[in-house]
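Engineer: Turn this into a structure:
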Amino acid sequence: MNNAPGIMISAPSSGTGKTTVMLGLLRALAEDGMRVQPFKSGPDYIDPAFHLAAAGRASFNLDTWAMGEGLLSAIAAQAKGAEICVAEGSMGLYDGVATRGQSGFGTSAETAQRMGWPVVLVVDVSGQAQSAAAAALGFRMYNPDLPFAGVILNRVASPRHERLTALGMEKAGLKVLGALPRRGDLTLPERHLGLIQAVEHPDLEAAIAGYAAFLRTHVDLEAIKAAARGKPLAQGGALPAPPAQRIALAQDAAFSFTYPHLVEGWRAAGAEVLPFSPLADEAPDATADLVWLPGGYPELHAGRLAAADTFRAGLRRHAETRPVHGECGGYMALGAGLIDKEGQRHAMAGLLGLVTSYEKRKFHLGYRQAELRAPMPAHAPGARLRGHEYHYSTILEQPDAPLAKVADADGNAVPETGSLRGNVTGTFFHLITGQEA
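Structural biologist: Numbers count the residues shown, from 1 in each chain. The predicted model follows:
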């Protein structure tokens, strides 16, 4: 199977402006009439929704720590029919974990090398000129086998600054693909988990159109198109199978963090996905075989969820005879109570005894590997799962039986084991996939 030609938009570190470049590039290429397939390297579940808005085509995560070769190939195959792939990296180009996962350490460089996509390095050159070339050359030579297209200079202060920085890049043998002047209006709104959700942006379409126009003026789009490459991929992998035939999936501003490859795998296998909105006080479809509450921001909507009597009653009726599963924010909403940042307690669904606090915040971030002690939808006891945890809430009470033995990427035990009560299960990690043989 041939992989569509593509590029990897990465950077030396977070906060350098690669998301702005990514969104502007996706839209500009789409405006040129190209069929563009976006991807996200790593476990981020916010960026793909922005990619969809920019490219008009669903974006998928590629994760070398969590995913084996088969799943990576199956996800890459979603680019069928595309003329170019554009992937956005996570953190810095070589940032990952210390312990190898299913096919790597979770770095953007691994994704680029495996797919054959040359790296476009977005370099924040503020506060330096020729010295930026020394740093960029270090990234180029750290792995000489990594395909490398060139650099985009970001936050350039003046024409003189651009000229000096470009001279340094030329001396280092690095192709300059563009230079973006410093502009304060090119940042996306953020909150405690990073960017706000795409559905919450006050004028996302205008913002993306502005990014595209900015890139057209300051980046050599033809050079980027010409740099795109790919390589043949192994065959035989498949997207994850659905956990049920009819799946009621919560989807609104409070529950939106579902990995696109999971839902695409469910639909591709013939499952019916039945969206509903707890914030609109909608009950899950009464004919559903499974209710799935994804992660999101229930801590920002706790009062509305506590008052959503139709949603909670429908959820409880379903749980009497059929499975309900929640991840992270969905897990919190299945519990007995949620304490918001002001210290006010709100009653949740009460299907689990879990009580969480956003007032007593603690940062939880990282990959998770879990061995199930009890069944959860689509997975039997003993199954080994891979996922990712990212939240600020603290567990105050967890009286129910633990669902799994959970560890971080290095195998260190973590206390967020998930819970089980009757037909109801929940985890703080977002499921990415099961362990490949």
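
Engineer: Now do the helices in the protein.
Structural biologist: Using DSSP state H, the helices of the chain run over 18-31, 47-55, 69-76, 108-115, 131-142, 159-172, 204-218, 221-227, 260-268, 302-306, 309-319, 329-334.

Engineer: Can you tell me which of those helices is most buried?
Structural biologist: Stretch with highest mean neighbour count among these: helix 329-334 (a mean of 30; mean count of other CB atoms under 10 Å). Quick note: C-beta positions are derived from backbone N, CA and C, even for glycine.

Engineer: Does anything pack onto that helix? Which helices or strands?
Structural biologist: For helix 329-334, the packing partners by 3 or more CB pairs under 8 Å, 6 or more residues apart in numbering; DSSP states H and E come out as strand 255-257, strand 290-293, strand 295-296, strand 324-327, strand 424-427.

Engineer: thinking again about what came up before, any chance of TSV for the helices of the chain, columns mean pLDDT and distance to D410?
Structural biologist: Shown next, in TSV, are the helices of the chain (pLDDT from 0 to 100; distance: least, CB to CB, whole Å):
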stretch	mean pLDDT	distance to D410
helix 18-31	96	27
helix 47-55	95	25
helix 69-76	95	22
helix 108-115	97	18
helix 131-142	98	22
helix 159-172	98	35
helix 204-218	94	37
helix 221-227	98	36
helix 260-268	97	25
helix 302-306	97	34
helix 309-319	98	35
helix 329-334	97	24
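
Engineer: Nearest to H388 among those helices would be which one?
Structural biologist: The closest of these to H388 is helix 260-268. By CB to CB, the value is 12.5 Å.

Engineer: what residues does stretch 294-311 touch?
Structural biologist: Applying CB atoms under 8 Å, 6 or more residues apart in numbering, the contact partners of stretch 294-311 are 45, 191, 193, 197, 249-258, 276, 278-279, 281-284, 326-333, 338, 340-341, 344, 346-348, 358, 391, 393, 430.

Engineer: Report the buried members of these.
Structural biologist: Taking 16 or more other CB atoms under 10 Å as the criterion, what is buried in those is 45, 193, 197, 249-258, 276, 278-279, 281-284, 326-333, 338, 340, 346, 348, 358, 391, 393, 430.

Engineer: Report pLDDT for K231.
Structural biologist: Reported pLDDT at K231 in the predicted model: 88.

Engineer: now R191
Structural biologist: pLDDT for R191: 52.

Engineer: Excluding chain neighbours, give the residue nearest to A133 in space.
Structural biologist: Nearest non-adjacent residue to A133, counting by CB to CB, 6 or more residues apart in numbering: G168, 3.3 Å away.

Engineer: wait, doesn't that neighbour sit right on Q130?
Structural biologist: Yes. Here G168 reaches Q130: they are 3.3 Å apart, a contact under CB atoms under 8 Å.
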